[in-house]
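# Fold the following and give me the result.
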Amino acid sequence: MVKQVSSEELKEKIDSGDDVQIVDIRNPQNFREGHIPGSENVPFVELTTSIDSHDWRDDIVVVCPIGESSEQAARLIESYEGGADEVGNLEDGITEWEYELEEGEG
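Below is the predicted model of the structure:
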């Protein structure tokens, strides 16, 4: 089952150095304009065709604008055979992220 992860919980994971894989499923332009530090861009439209080409870690948090399509993507990753032990969805999406964002390719 996909876990709902608050912005505060994700920030704590990042700050404590946890090996969390942050997967931002927004389009590349939106990703370049601002994303959570350390995240990687895997646009949702490409996820289904490229899921087996990714090196999924044990702890993943999926991010989108408001937390709806990222929940679908998190379920897809969770169901993938080579998927993670724990897959989370950033609750309410990146629009509720109150912390610093990176710009550029990431």
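# Give the other helices and strands that the longest helix belonging to the chain contacts.
Taking DSSP state H as the criterion, the chain has its longest helix at helix 69-79. If you count contacts as 3 or more Cβ pairs under 8 Å, 6 or more residues apart in numbering; DSSP states H and E, helix 69-79 packs onto helix 44-50, strand 59-63, strand 86-90. Just so you know, the C-beta spots here come from the backbone N, C-alpha and C atoms, and that holds for glycine as well.
# List the single closest residue to Ser70 in space, sequence neighbours excluded.
Cys64 (3.7 Å; Cβ to Cβ, 6 or more residues apart in numbering).
# Give me the neighbour count for the one you found.
23 (other Cβ atoms under 10 Å).
# I'd like the next helix or strand past the host helix or strand of Asn30.
Asn30 is part of helix 28-33 when elements are defined by DSSP states H and E. Once the chain leaves helix 28-33, the next helix or strand it forms, by DSSP H and E, is strand 40-41.
# which secondary structure elements does that following strand contact?
strand 20-24.
# Show residues contacting the strand it packs on.
Contact with strand 20-24 is made by 10, 13-14, 31, 35-36, 38-42, 56-57, 59-64, 73, 77, 84, 94, 106, as judged by Cβ atoms under 8 Å, 6 or more residues apart in numbering.
# The nearest residue to Ile22 once chain neighbours are set aside: neighbour count?
Spatial nearest neighbour of Ile22, excluding adjacent residues (Cβ to Cβ, 6+ apart): Ser39 at 3.7 Å. Other residues near Ser39 come to 24 when the count uses other Cβ under 10 Å.
# Next one: Ser39 relative to Leu10, how far apart?
10 Å (Cβ to Cβ, to the nearest Å).
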